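K.L.:
no FASTA, just this:
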């Protein structure tokens, strides 16, 4: 039997996790489907260099590496963290990334625990909050090309769903009345999107142009204050609208 691959329902389940135990369990399973045995998430309020930054960690960090992983001083020296905080693009790393930043000692400390190479992404939340998600493994990553691009895209998609759950589980419970009112057509489009349909498929089902479907999705995202249709779906499902 082949290795399981990440699917859309798996992503929805991550976003709808009821508690941190199920959230982390689903994150680990989804990361494994992407080809990575370790996944680490950070919900950050403020900037990494701020004295009063608040950080909540998630994932399956190996027991022996927990103390190092939670060391704020080491995090501020970490070149992967530095790149994530300064650029809105995914970071692919290996030993050379750390050596080039004169931080080879950090890589040497983390490599024995499975952090030899990996991918990390950062997403923004309102209120100066950031969500960072990374996957790591011993095995070298593929050379730049389609396979590596698919891994990066998969992690970005997972991060979009995980961000919603992390923010919801750490914040106040979301109620239907907390969200702005959506039109019937916007809800129709979002409902089919929640079932994994593409904009083109939704356009055929609802008898409208693909441009109109994307127009409705754009309106929904603006109203809900999210940056992707996946976050919009999860926010509405969590509030009981879908």
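P.N.:
Good, I have the coordinates. Values in this document were obtained by computation on a predicted structure and should not be read as measured data. Numbers count the residues shown, from 1 in each chain.
K.L.:
okay, strands next: where are they in this protein?
P.N.:
In the chain, the strands defined using DSSP state E lie at 38-45, 54-59, 91-93, 117-125, 129-137.
K.L.:
for the last one, packing partners?
P.N.:
When you say that, I think you mean strand 129-137. Counting contacts by 3 or more Cβ pairs under 8 Å, 6 or more residues apart in numbering; DSSP states H and E, strand 129-137 is packed against strand 38-45, helix 79-86, strand 117-125, helix 146-170. Every C-beta, even on glycine, is put in place using the N, C-alpha and C of the backbone.
K.L.:
buried ones in the last one?
P.N.:
Neighbour-count burial for helix 146-170 flags 151-152, 154-155, 157-169 (criterion: 16 or more other Cβ atoms under 10 Å).
K.L.:
equivalent analysis for the first one, please.
P.N.:
By neighbour count, with 16+ other Cβ under 10 Å as the criterion, the buried positions of strand 38-45 are 38, 39, 40, 41, 42, 43, 44, 45.
K.L.:
gap between the third one and residue 64?
P.N.:
Taking Cβ to Cβ, to the nearest Å as the measure, residue 40 and residue 64 are separated by 15 Å.
K.L.:
next: residue 207.
P.N.:
In this view, residue 207 and residue 64 are 58 Å apart by Cβ to Cβ.
K.L.:
what about the nearest residue to residue 139 once chain neighbours are set aside, neighbour count?
P.N.:
Once flanking residues are discounted, residue 139 sits nearest to residue 117: 7.4 Å by Cβ to Cβ, 6 or more residues apart in numbering. Neighbour count of residue 117, defined by other Cβ atoms under 10 Å: 21.
K.L.:
per-residue pLDDT of residue 117, please?
P.N.:
At residue 117, the model reports a pLDDT of 97.
K.L.:
same deal with residue 38?
P.N.:
pLDDT, read off for residue 38, is 96.
K.L.:
which segments of the chain make up each domain?
P.N.:
What automatic domain parsing lists as the domains of the chain is 8-170, 176-238.
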